[in-house]
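Enquirer: Below: sequence and its predicted model.
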Number of protein chains: 4
Amino acid sequence: MPTPEERYAAIIDAAVQLFRKKNYHGTSMQDIAEAVGIYRGSLYHYINSKEELLFRIVERAISKFREVLSKIQMENLTATEKLHQAIYTHVQYIVKDQAGLAILLEDTKQLSEEYQEKIRDAQKQYEIILQNIIEEGIQKGEFKDLNSKVVTYTLLGMMNWTYRWYSVKGKLSSEEIAAIIEDIIINGLSKSNN
Amino acid sequence: MPTPEERYAAIIDAAVQLFRKKNYHGTSMQDIAEAVGIYRGSLYHYINSKEELLFRIVERAISKFREVLSKIQMENLTATEKLHQAIYTHVQYIVKDQAGLAILLEDTKQLSEEYQEKIRDAQKQYEIILQNIIEEGIQKGEFKDLNSKVVTYTLLGMMNWTYRWYSVKGKLSSEEIAAIIEDIIINGLSKSNN
Amino acid sequence: MPTPEERYAAIIDAAVQLFRKKNYHGTSMQDIAEAVGIYRGSLYHYINSKEELLFRIVERAISKFREVLSKIQMENLTATEKLHQAIYTHVQYIVKDQAGLAILLEDTKQLSEEYQEKIRDAQKQYEIILQNIIEEGIQKGEFKDLNSKVVTYTLLGMMNWTYRWYSVKGKLSSEEIAAIIEDIIINGLSKSNN
Amino acid sequence: MPTPEERYAAIIDAAVQLFRKKNYHGTSMQDIAEAVGIYRGSLYHYINSKEELLFRIVERAISKFREVLSKIQMENLTATEKLHQAIYTHVQYIVKDQAGLAILLEDTKQLSEEYQEKIRDAQKQYEIILQNIIEEGIQKGEFKDLNSKVVTYTLLGMMNWTYRWYSVKGKLSSEEIAAIIEDIIINGLSKSNN
DNA sequence: AATGAATGAGGCTTCATTCAT
DNA sequence: CATGAATGAAGCCTCATTCAT
C-alpha cells in the first residue's frame, strides 16, 4: 500500500511522462489514472483539477532553475565564472528533468491567465538574473559589448534546446554538453580564437 | 466572393494564428470557422480533417527551411560563409513566420505516428545539412574540433529560440539578430578574441 | 422533420414535465434528450446549459403572471373588482401551467445568484402590485384595515397552493376554484356574513 | 466528546439547514460532514443513507403537525373553536421550523416511491382531519356550504405559504399572523362583514 | 458551395458509499 | 467510533465530423 505522499508523487510522475509524450490536452485523466493504477475519480483525492496538476508541474520545473541561479549571482565571482556555473547547472537540470522543461515550454499556454502570469513572472525573473550576469561581464570588460537581451536569449536557446535532443541513451554527460556550450559562448567556433 | 484558393489560404492563416495562440487542441474547428467567417461544416469543403490541417501547416513551416539550406550547401563557399548565409536566412524565416515554427515545435506531437514521422524526417534532414556544414568547417580547419552534433543543436537552439522572444514591436531587425548570433557562434563573447 | 423552433419548444416542454416530476437536479440532460428523441449533445444546439434551460422556464412562468396583473391594476376599477380579476386570472394561469409554477417555486434555488436575483425581483414586483391593490382597498374603505403584507401573502398562498392539489382529472374548473377563493377572501367562511 | 445521540441530532440539524438552503440534491454528504465537523465516512455510523436522512427529516416535519391536530379534533369544541386552535398551532409550528416544511414541500420528490408514499399518506391524513373540521362546521351551520376540499386546500395554502415569507427578523409573532389568517378565513376582507 | 442540425464519442469532475486501518 | 482512500457510476458539456437541404 503506497502512502498518500507516494501516491501523490506517483500521480505527478505519471502526469509528467504523459504530458511530455502527448501534451496536456492529449492526455486524459483516465490515462493518468491508468498509469498510476487507480480509478479516475480517485485522482481527485490528491489534486483539485487537471489544470492545477499542470500548474504544479510547471511551477516545480521553473522554480528549480530560479533557486540556484540567484545563489550564483550573489557570490563573489567574475562574470565569466558566474556564467560558467550557470551553464553547468542549467544544463544539468535539463538533463535530469527534460520532461519538466518540455511541459513548461509547450503546455503553459493551456493554463488560465492567472496561472500563466505566475509562470511568466518566474521565467522573467530567471531571464533577468541571467541578463544581469551578462551585463556585469560587459561592464567589467570581460565580455564584448553586444545587445545583452539578445545575448541572454541566445544563451538560453543554446541551453534549453537540450530538452529536445538530449537522449540518456547517448553517451554524453551533462558536463560534456555544458563544456561545449560554454566554449562556444565564450570563445566561439572560430579556430583563430584561442 | 473569395475564390476557393483564397478561402483555403484564409483557413490556413486563421488556423495558424489560432494554433499559435491556443495550441492545436485548444482550438476548435468552430473557432477556425468563425475566424474565417464561414460555418463549421463548410470547412470540410476545403480540408479533410483537423489533423490534416495541422499537418499542412507544419509541413509548410519545415519545408521552407529545407529548400534554402540545401541550395546554400551546394554553393561553392567556405564553411564560414555557408554558416553566415544559413544563420541569416534561418533567422529571417523565423521572424517572418514565428507562428509556423511555434506550431511545428509545440504541436507536432498531436499528429498521428505516420504524419509525425514525415515531419521528423524533414527535421532530421535539415539538421544533417547543417551538421554537414559544421563538419566541413572542422575538416577544413575553419572551426574548432568540437562534437559536431552538439554544435549543430546548439546553433539550432540559438536561432530557433527566437520564435519565443522576438517581437515585431521591438526595434531589432532579423539581420541585427542574425549578426549577433553569428558573432557569438564564430567568435564568442570573450573580449580577448578579436 | 421538426423545425428548429418546434425542437426548441419540444425541449422546453420535455424539461418542464421532467423537472416537475423529478426536480431540476433529479433530471439529467440524458432524460430530456430521450424525451425529445435526440442525442444528448444535440440539446446544446438549442440551449447553452442546463441552468439556462431552467432559467428560461422559470422566467417564462413568472412573466406571464406579471403581464396581466399590471394591466389590471391600471384599469379604472374598484379594489374589489381588481381583486376579483386578479384571482380569476392567477388561478387560471396556474391551472393551465401547474408545472411552470411548481418549478418556479421548487427549483429556483438551483440557479446561480445572478439568475436568482432576476427571478426574485420579478416575484417581488408581482407581490407589490398585489399588495397595492390590497392597500387601495383598505384606503378606500372597501377592505378591513389588516396588515397588508400578511394579507397579500395569505392571498398568494391560497391561490398558489392550487399548483399542489389541482388535478385536471377532477371536475373543478379554474373558475369554480377562483370563485371559492374569492368568496373566502372577501366574505370568509362564517355563515353570519352575507 | 458528544454522545452518539447528540451527534445524530447534530447531523439532522446540519442536514436540515443545508437542505433548506440548497435542496437535497444540491447538498453533498461532504457538506453535511463538514458542518458537523466530522469526516465523510463517519456519517455512516449514524445514518444508513442520504435518502434515509431526508426521509427522517421529512417524516419528523409532518408528524408534528399530525399529532396536535388529531388531539384538537377529538376535543369537545365547536368547529369554529377547533379551526381557531388548528390555525394557531399550525402557524406556530411553521414559524418554529420553517426549514422542515420547506424540505417537506420541495424535496419529497427525491425519495423513492415507497418513502414518498408514506409521506403522502401522512399528508393525506392531516388534510382529512382538517377537512373533517371544515365539514363539521358546514353541517352544524357554522360555516357556509362551500366545496370542503377546496376550502381545506385554500386554508392549507394560506398557512403553509408562511414558510416562504416569514422572517424571524420581522416583528410579527406567529400569533399575529395566525390572527390575521383566522380573521380572513372566518370573516373575509370585506368591511361590510362584522 | 454553404448551411446548420445531428451524431456519438469522449473529457473533466462530483458524488454516495464502502472498507481496511 | 473515526478516518480517509478508493470505488464506480453518473453528470454536464464540448467537439470533430457527417449529411440532408
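Expert: On my side now, so go ahead.
Enquirer: other SSEs contacting the longest helix belonging to chain A?
Expert: Counting residues, the longest helix in chain A under DSSP state H turns out to be helix A:113-139. On a contact count with 3 or more CB pairs under 8 Å, 6 or more residues apart in numbering or on different chains; DSSP states H and E, helix A:113-139 meets helix A:50-74, helix A:79-96, helix A:148-160. Every residue, glycine included, has its C-beta placed from N, CA and C.
Enquirer: mind giving me a markdown table with these and columns for mean pLDDT?
Expert: A markdown table is the format used below for these (pLDDT from 0 to 100):
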| stretch | mean pLDDT |
| --- | --- |
| helix A:50-74 | 92 |
| helix A:79-96 | 96 |
| helix A:148-160 | 97 |
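Enquirer: Now tabulate those in CSV and tack on mean neighbour count and distance to residue B:9.
Expert: Shown next, in CSV, are these (neighbours: other CB atoms under 10 Å in any protein chain shown; distance: least, CB to CB, whole Å):
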stretch, mean neighbour count, distance to residue B:9
helix A:50-74, 17, 34
helix A:79-96, 20, 39
helix A:148-160, 23, 31
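Enquirer: Stretch A:177-194 and chain B, are they touching?
Expert: Yes: remark: stretch A:177-194 sits within contact range of chain B at A:177, A:180-181, A:183-191, A:193-194, by CB under 8 Å from any CB of the partner chain.
Enquirer: Specify the angle between the longest helix of chain A and helix A:148-160 in degrees.
Expert: 110 degrees (axes from the mean of the first three to the mean of the last three CA atoms, to 10 degrees).
Enquirer: what's the average pLDDT for helix A:113-139?
Expert: When pLDDT is averaged over helix A:113-139, the result is 95.
Enquirer: Kindly report the same for stretch A:174-191.
Expert: The model assigns stretch A:174-191 a mean pLDDT of 93.
Enquirer: Using neighbour counts, pick out the buried residues of that stretch.
Expert: Under the neighbour-count criterion of 16 or more other CB atoms under 10 Å in any protein chain shown, stretch A:174-191 has A:174, A:177-190 buried.
Enquirer: what's in contact with stretch A:97-107?
Expert: A:16-17, A:19-20, A:23-24, A:54, A:57-58, A:60-62, A:64, A:94, A:119, A:160, A:162-164, A:166, B:23, B:105-106, B:164 (CB atoms under 8 Å, 6 or more residues apart in numbering or on different chains).
Enquirer: meant to ask about stretch A:142-156
Expert: A:78-80, A:87, A:127, A:130-131, A:134-135, A:137-138, A:185, B:158, B:161-162, B:164-165, B:172, B:176-177, B:180-181, B:183-184, B:187, B:189-191.
Enquirer: Report whether the longest helix of chain A contacts DNA strand E.
Expert: No: under the criterion of CB under 7 Å from any atom of the strand, helix A:113-139 makes no contact with DNA strand E; the nearest approach is 12.6 Å.
Enquirer: Off-centre distance for that helix?
Expert: 13 Å (CA atoms, centre = their mean, to the nearest Å).
Enquirer: Where does the residue of chain A most remote from its centre sit: helix, strand or coil?
Expert: Distance from the C-alpha centroid of chain A, by CA atoms, centre = their mean, peaks at residue A:192 (33.8 Å). Classification of residue A:192 by DSSP: H, G, I helix; E, B strand; the rest coil places it in coil.
Enquirer: gap between it and residue C:181?
Expert: Remark: distance between residue A:192 and residue C:181 (CB to CB, to the nearest Å) = 106 Å.
Enquirer: Could you tell me which of the buried residues of stretch A:174-191 belong to helices?
Expert: A:174, A:177-187.
Enquirer: For DNA strand F, state which of those residues is nearest.
Expert: Comparing those against DNA strand F with CB to the nearest atom of the strand places residue A:174 closest, at 35.4 Å.
Enquirer: Would you mind confirming that the closest one makes contact with residue A:95?
Expert: Yes: with contacts counted by CB atoms under 8 Å, residue A:174 reaches residue A:95, the gap being 4.0 Å.
Enquirer: Report the contact partners of residue A:81.
Expert: Going by CB under 8 Å, 6+ apart, the list of residues near residue A:81 is empty.
Enquirer: From residue A:142, how far off is it?
Expert: For residue A:81, the distance to residue A:142 - CB to CB - is 10 Å.
Enquirer: And residue A:44, by the same measure?
Expert: 53 Å.
Enquirer: do residue A:9 as well
Expert: 43 Å.
Enquirer: Over to residue A:174?
Expert: For residue A:174, the distance to residue A:142 - CB to CB - is 25 Å.
Enquirer: what's the answer for residue A:164, then?
Expert: Taking CB to CB, one finds residue A:164 at 30 Å from residue A:142.
Enquirer: Give me the domain ranges for chain A.
Expert: A:1-47, A:55-187 (automatic domain parsing).
Enquirer: Spell out which parts of chain A neighbour DNA strand E.
Expert: A:1, A:27-30, A:40-41, A:43-44, A:48-51.
Enquirer: Could you list which of those belong to helices?
Expert: Among these, the members falling in helices (DSSP H) are A:29-30, A:50-51.
Enquirer: In JSON lines: the residues you listed, plus distance to chain B.
Expert: Output for those, formatted as JSON lines (distance: CB to the nearest CB, whole Å):
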{"residue": "A:29", "distance to chain B": "15"}
{"residue": "A:30", "distance to chain B": "16"}
{"residue": "A:50", "distance to chain B": "13"}
{"residue": "A:51", "distance to chain B": "12"}
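Enquirer: Farthest pair within those residues?
Expert: A:30 and A:51 (16.3 Å; CB to CB).
Enquirer: quick one on the thing from earlier: report the buried residues of the longest helix of chain A.
Expert: Neighbour-count burial for helix A:113-139 [16+ other CB under 10 Å]: A:115, A:119, A:122-123, A:126-127, A:129-138.
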